[in-house]
Every structure is written in structure tokens, then in C-alpha cells.
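> no sequence on this one, just coordinates:
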């Protein structure tokens, strides 16, 4: 499903409203020789070919939506953040320095953290756990659901930066090197954030599950 968002100059750009399953950011980057690089596409847009922005949307919507969904727990909020981020990116394309995908990721990540600062009631969805095992008993399904709910509640209490690092590492399965590249920080700093997130989660959950 698509919707049209009006951008500057009276040009309508297609922005995805529903996103397929996530893929790695690096897997989205164009590699064939006959496919324009991100910078080539940006140059075309800045030269007046505004419709070319749909190419960038198509390349990066999936993993960015997945990250926003993991951070906010809400498909509607994730979609809103992504739309806002793409529109912001469109209006500031001339400011891109270095890798476009990392620059765009930080816009989305900041949008998620801003939302988390204002909204404390969040729910983290683990799509891979949504289908119950055919071997699980009803009691086991209830236990799994309760544990996931408790973990969601604990994650919601983490500082946004710790929640972000934990999700990128343990939900999205990114390497520390990729995380550092996307967030513009160091591997050491991210390892510390993930460690602090684990400790905080353990503290929040140990009373019930010790």
C-alpha cells in the first residue's frame, strides 16, 4: 500500500505505508555497475529530478521501518516516524556528507528516541516469536507470552540510547562495527551501552525470574 506525500515544488513522492520484512542495510545498497549509487541519485534530485527520491525510499524503507518498529513497538508510530524522516531527509539532501544510509539512519534513530522521551508506554514486538511452537503446551504458550510481556515492560524502562543499542544488537542482529558506522560512535561505546542494557534488564527481571 502506498500514499502520496506532498514535498516541496509541488512534486508528489511515493512513500511506502506498509513495509515487508526487514533486510540488512548493507544488503539494500546497490551493487550492480548499472545501478546509480546513492550519491548519483542525490545529485539527480538536487539537479531537479525530484522523482528520483523514490529510488532512495525503495532502497532503505524496509530496515528503517523494522528499526522504528522495534524502538516504538507500534506499526503506526513506526510508519509516521519513517514518513517524517524521509521528508526531512528530502529537504536536507544538500547537507549529506559521507554515507547517505548512515545519515538517514541517524535521522530515523533520533526520531525514535524523541518519541520515546515523550511516550513511556511502549511495546516491543518480536515477529519471530509471534507463532507458537506446535510442540508447546497451552501452559508453555502462556509462560512464553508472560515472559515476553515482562521483557517488553523492562525494555520500555531503559534509557532510549540503551534500548536502541540492545535492539540493534539482539533483535536486529547487527555487528558492533555496523552499529558504530550507522550511529556515528565507537564500538567500545556501543559495547558499554549493550552491557549496561543487559545489566539493567537483569535487575528489572531478576526478582521474578531469579
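Received the coordinates, thanks. These figures come from a predicted structure and were not determined experimentally.
> which residue ranges of the chain form strands?
2-6, 12-16 (DSSP state E).
> so, low pLDDT: which residues of the chain?
Scanning the chain for pLDDT under 70 picks out 1-35, 119-148, 207-210.
> break it down into its domains, please.
Under the assignment automatic domain parsing, the domains of the chain span 2-118, 137-209.
> with mean neighbour count added, can I get those in CSV?
Where you see a C-beta, it was placed from the backbone N, CA and C, and this is true even at glycine. Below are those laid out as CSV (neighbours: other C-beta atoms under 10 Å):
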stretch, mean neighbour count
domain 2-118, 16
domain 137-209, 16
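> ok, which stretches of the chain are helices?
Secondary structure of the chain (DSSP state H): helices at 25-28, 38-46, 53-72, 75-91, 100-118, 138-156, 160-166, 176-183, 187-209.
> got the angle for the last one vs helix 176-183?
Here helix 187-209 points in a direction 110 degrees away from that of helix 176-183 (axes from the mean of the first three to the mean of the last three C-alpha atoms, to 10 degrees).
> show me what helix 187-209 packs onto, helices and strands only.
helix 138-156, helix 160-166, helix 176-183 (3 or more C-beta pairs under 8 Å, 6 or more residues apart in numbering; DSSP states H and E).
> residues making contact with that helix?
With contact meaning C-beta atoms under 8 Å, 6 or more residues apart in numbering, helix 187-209 is reached by 147, 150-151, 154-155, 157-158, 161-166, 169-170, 176-177, 179-180, 183.
> hmm, 6 Å instead?
Helix 187-209 is contacted from outside by 154, 158, 162, 165-166, 169, 176, 179-180, using C-beta atoms under 6 Å, 6 or more residues apart in numbering.
> can you redo the residues you listed as a markdown table with distance to residue 58?
A markdown table is the format used below for the contacts of helix 187-209 (distance: C-beta to C-beta, whole Å):
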| residue | distance to residue 58 |
| --- | --- |
| 154 | 36 |
| 158 | 32 |
| 162 | 32 |
| 165 | 28 |
| 166 | 29 |
| 169 | 27 |
| 176 | 28 |
| 179 | 24 |
| 180 | 26 |
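> nothing else from me, thank you.
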